[in-house]
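K.L.:
what would the 3D arrangement of this be:
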Amino acid sequence: MSMNMKIHVPAVILLLFAVSTAAHALSTAAKSEYDYVYLMHHLRDVQVMIDNFASDQQRQKYTDLKNDFRDASVDFYAHNFIFFDKNSKKYRMKFYHVKLKLSELLDEMAKSYIDRTSDILRTTSKDSFNILIKFNKGGYAKYFRRPVDPVSKVQGEKIYKTDEYHLYHDKATIEQYLRKGYKTLEDAKRIYDHPDMQTVKAKAEKNNYDVNYMVDGYLNVVKLCRQSKQYGIEIYRLIRKNNIYAIQKKFEYYNIPITDPEPVFDVRIPENYKIDANDNIRLVHSHELKKLPADFPKSPLSESQ
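P.N.:
Okay, the predicted model is just below:
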């Protein structure tokens, strides 16, 4: 009986070791598979941000990031999932440093999105301010219901322009968009400045969970900033409604839909904010500009610029 035990105990140990090793290898492979898909998806999303708003330095960082991802992906397909990190003296997943660099780049991009969104809403507020006063119910509203003699010789009898009439009805929507725009921007700032985010950023040694937390958080900041900027852009699409009708024949000539034109053709959007309108729907502005006919009219800049 004891002889049998001597024979089977080593066999049991070897079996358990083999199962444990296989489970660990499967876990590493599964994690690498997740990281590969995760990075592939987000690198594609970040590409549009880089094309539209990145500085030369940020563009270089993104290029380096793609090269690192390519190298790690080659090892991934070769089933070489981990490496020994000499700095931390730990074994790391191959994609760890790629995600860490992505989080650092997204930190910069998220901050720039917050700053640009703040500028757009500030300018939109200034351009909307006179409208909110002039067309308030306690302002000139009485004149919209007051009959005007079309043959009157009295100059200046109309205190408002005919093409401004829609603003009396759109005023409430403009106010609503301003509130929602600022509320969404504040939500973005809260994520960026959240104590948990600052704690993770300050950690000298970040684990895989920490890095994912930062990447996902910064991407949410960009998402909210895009939503916030869109509220500002929609305000311009309201207060400049008549810009489209002024060049209606040009729209018909080039067969451009007048009801909801692409941002690059939308003359209601200030020219300096069309890049944001394109970015909000994940379009590369420099590519969209190539669609413009040479004689297509440009939009006015925002009035407060």
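
K.L.:
after the helix or strand that residue 46 is a member of comes which helix or strand?
P.N.:
Using DSSP states H and E, residue 46 maps to helix 2-53. Later in the chain than helix 2-53, the nearest helix or strand by DSSP H and E is helix 56-77.

K.L.:
name the residues of stretch 62-78 that come out as buried.
P.N.:
62, 65, 68-69, 72-73, 76 (16 or more other CB atoms under 10 Å). (Glycine included, C-beta is placed from N, CA and C.)

K.L.:
using CSV, lay out the residues you listed together with distance to residue 41.
P.N.:
As requested, those are exported to CSV (distance: CB to CB, whole Å):
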residue, distance to residue 41
62, 15
65, 14
68, 16
69, 12
72, 15
73, 13
76, 15
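
K.L.:
hey, where'd the helices end up in the chain?
P.N.:
2-53, 56-77, 96-134, 141-144, 165-193, 195-202, 208-239, 242-246, 248-253, 274-280, 285-288 (DSSP state H).

K.L.:
need the phi and psi values for residue 205.
P.N.:
phi -120, psi 110 (degrees, to the nearest 10).

K.L.:
that one: neighbouring residues, count only.
P.N.:
If you count neighbours by other CB atoms under 10 Å, residue 205 ends up with 8.

K.L.:
cool, and the one 3 residues further on?
P.N.:
Around residue 208 there are 16 other residues, counting by other CB under 10 Å.

K.L.:
contacting residues for the closest residue in space to it that isn't next to it in sequence?
P.N.:
Distances taken as CB to CB, 6 or more residues apart in numbering put residue 96 closest to residue 208, at 6.3 Å, once the chain neighbours are dropped. If a contact means CB atoms under 8 Å, 6 or more residues apart in numbering, then residue 96 has 35, 208, 211 as its contacts.

K.L.:
export the residues you listed to JSON lines and tack on distance to residue 52 and pLDDT?
P.N.:
Output for the contacts of residue 96, formatted as JSON lines (distance: CB to CB, whole Å; pLDDT from 0 to 100):
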{"residue": "35", "distance to residue 52": "26", "pLDDT": "80"}
{"residue": "208", "distance to residue 52": "30", "pLDDT": "85"}
{"residue": "211", "distance to residue 52": "25", "pLDDT": "94"}
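
K.L.:
which among these gets closest to residue 109?
P.N.:
For the contacts of residue 96, the minimum distance to residue 109 (CB to CB) is 15.9 Å, reached by residue 211.
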